[in-house]
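*Asks:* Compute the structure for the input listed below.
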Amino acid sequence: MADLFSSDDVLPAGADHAPLADRLRPAVLADVVGQEHLTGPDGAIGRMVAAGRLSSILFWGPPGTGKTTISRLLADAVGMRFEPISAVFSGVADLKKVFAAAKEHGRRGEKTLLFVDEIHRFNRAQQDSFLPFVEDGTVTLVGATTENPSFELNAALLSRAQVLILRRLDTAALEQLLDRAEALIGRPLPLDAAAREALLASADGDGRFLLNQVETLYSIDIPTPLDPAGLSALLHRRVAVYDKDREGHYNLISALHKSLRGSDPQAALYYMARMLTAGEEPLYVLRRLVRFATEDIGLADPQAVVQCLAAKDAYEFLGSPEGELAIVQACIYCATAPKSNAGYMAMKTAFRTARETGSLMPPMNIVNAPTKLMKQVGYGKNYQYDHDAEGGFSGANYWPEEMSPQTFYTPTERGFEARIAERIAYWNKLRAERGAA
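*Replies:* Presented below is the predicted three-dimensional model:
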């Protein structure tokens, strides 16, 4: 898929019948907006161009941020032949032709920049096929991906290329695109100030999408400037980028979890809404809320997990959209509840100690003695029944003889755990007194 202001076809940049994004395609790297951290004199690309020498590159960034355009301009800037392919439409046979052509051009002293769009769509074997041709200089590889290279690309390929991150276009960069479009067309967009802001927001950082929307506006006879409502009725908002099995999914669930942990109900609601409006399975969100209630709230508020499980039942009973209010309620409850990870940390420490200590026998006084023989050899001997002890607490030792008593669970002073901490302190005091007696 072509990227911002780019075309792999034969349309000249200034052709009147070309799409607006093509007609506004930058002619030099300095014209690319929103990526100055890379294209500026101190950026990685700026330094490569100044040196006149490119290393292999992997561009990672969201759609419509200029990956294809920058690659094409890079080839022009250092005098290389630009060879574009798409991993969506190309296979091994196509790659062999590209490499053979690059070798032939290399013999004539012409270097090739091989641009691979959607490079993450190539399988591992196909990615490996690039390596010998990158290493011997047949091609300089420039790949483009919207997916996290750490997850989608071979380690061998990553080790031979520099990963450069393209940023989502901010409002200032998108505003520059609008200004250029208006200058090219020769008249302002038929929007009032509020609608212009709404148009920028609707692009969600995607410059190509923005220019396609602008082209639609210019193609329609609009006698008076539109307000936001009129704009919304005419154009569709860009659907948020969200793949439920890819990085965007994990970024948002991480943001939701950390906002809940940070007791920010507003941010938590925002990230939860981002997930649900993008099509996330509501039961997945509920599973994460239940996990949060046990990991980050725990006994500071034992009702948190009850609220989350009740929300799950309510959602399964009501369905969408009515049941989503129950998810919202559970989210707010968790965000505003007192927090404690004491139970979670206790679990980790207890499990680790259990693995390390192996099969230590509990003390004889607390093991079961269901047979006469077991009683004769001392099983259950001298067990102190706590209900018969003063205050319902015997203070007996329950640890294996080879182990000293351990402390796994240390309650916080927050919420209900403050009361638990008082009880534990009281029992520890009694245990010390009765042990010394």
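*Asks:* Please, which helix or strand holds Gly143?
*Replies:* strand 139-145 (DSSP states H and E).
*Asks:* What residues of the helix or strand that comes right after that strand count as buried?
*Replies:* Downstream of strand 139-145, the first helix or strand assigned by DSSP H and E is helix 149-152. Buried residues in helix 149-152, counted by 16 or more other C-beta atoms under 10 Å: Pro149, Glu152. In this view, the C-beta of every residue, glycine as well, is placed from N, C-alpha and C.
*Asks:* Output helix 149-152 as PDB, nothing but the C-alphas.
*Replies:* Extracted C-alpha coordinates of helix 149-152, given in PDB (Å, rounded to 0.1, in the frame of the first residue of the first chain):
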ATOM      1  CA  PRO A 149       9.300  -5.200  14.300                       C
ATOM      2  CA  SER A 150      10.300  -6.900  17.500                       C
ATOM      3  CA  PHE A 151       7.300  -9.300  17.100                       C
ATOM      4  CA  GLU A 152       7.000  -9.500  13.300                       C
END
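*Asks:* what's around Lys429, how many residues?
*Replies:* Lys429: 11 surrounding residues under other C-beta atoms under 10 Å.
*Asks:* ok, it to Phe393 distance?
*Replies:* Distance check for Lys429 against Phe393: by C-beta to C-beta, to the nearest Å, it reads 11 Å.
*Asks:* joint contacts of those two?
*Replies:* Shared contacts of Lys429 and Phe393 (C-beta atoms under 8 Å, 6 or more residues apart in numbering): none.
*Asks:* thinking again about what came up before, determine the set of other helices and strands touching the strand holding Gly143.
*Replies:* Judged by 3 or more C-beta pairs under 8 Å, 6 or more residues apart in numbering; DSSP states H and E, strand 139-145 is in contact with strand 57-60, helix 67-77, helix 92-107, strand 112-117, helix 131-135.
*Asks:* Show me the shaky parts of the stretch 101-250 of the chain.
*Replies:* Within the stretch 101-250 of the chain, the stretches with pLDDT under 70 are 236-248.
*Asks:* Please enumerate the helices of it.
*Replies:* Ranges of helices within the stretch 101-250 of the chain are 124-128, 131-135, 149-152, 155-159, 171-185, 193-202, 207-219, 228-234, 247-261, based on DSSP state H, counting those that start in this stretch.
*Asks:* residues near Ser90, how many?
*Replies:* 18.
*Asks:* Then Gly46?
*Replies:* When neighbours are defined as other C-beta under 10 Å, Gly46 has 18 of them.
*Asks:* Surely it is in contact with His37?
*Replies:* No. The pair Gly46 / His37 is not scored as a contact, 9.6 Å apart, by C-beta atoms under 8 Å.
*Asks:* quick one on the thing from earlier: what's the most buried one of the helices of the stretch 101-250 of the chain?
*Replies:* The highest average neighbour count among the helices of the stretch 101-250 of the chain, using mean count of other C-beta atoms under 10 Å, belongs to helix 207-219 at a mean of 20.
*Asks:* next one: that helix to chain centre, how far?
*Replies:* Computed by C-alpha atoms, centre = their mean, to the nearest Å, the chain-centroid distance of helix 207-219 equals 28 Å.
*Asks:* quick one on the thing from earlier: show me what the strand holding Gly143 is in contact with.
*Replies:* 3, 54-60, 67-68, 71, 74, 80, 83, 98-99, 102, 111-120, 130, 133-134, 152-153, 160-161.
*Asks:* Leu260 contacts Arg291, doesn't it?
*Replies:* No. Here Leu260 lies out of contact with Arg291, judged by C-beta under 8 Å, at a distance of 10.4 Å.
*Asks:* Next, Pro225: phi, psi?
*Replies:* Main-chain torsions, Pro225, degrees, to the nearest 10: phi -60, psi 140.
*Asks:* tell me the domain ranges of this protein?
*Replies:* 20-165, 171-234, 247-336, 362-436 (automatic domain parsing).
*Asks:* Quick one: end-to-end length of the first one, please.
*Replies:* Taking C-alpha to C-alpha, to the nearest Å, domain 20-165 runs 26 Å from one end to the other.
*Asks:* For the closest residue to Met80 other than its chain neighbours, give its distance to Ser219.
*Replies:* Nearest non-adjacent residue to Met80, counting by C-beta to C-beta, 6 or more residues apart in numbering: Leu113, 4.4 Å away. Distance of Leu113 to Ser219, given as C-beta to C-beta: 35 Å.
*Asks:* And Val163, by the same measure?
*Replies:* To Ser219, Val163 is 39 Å away according to C-beta to C-beta.
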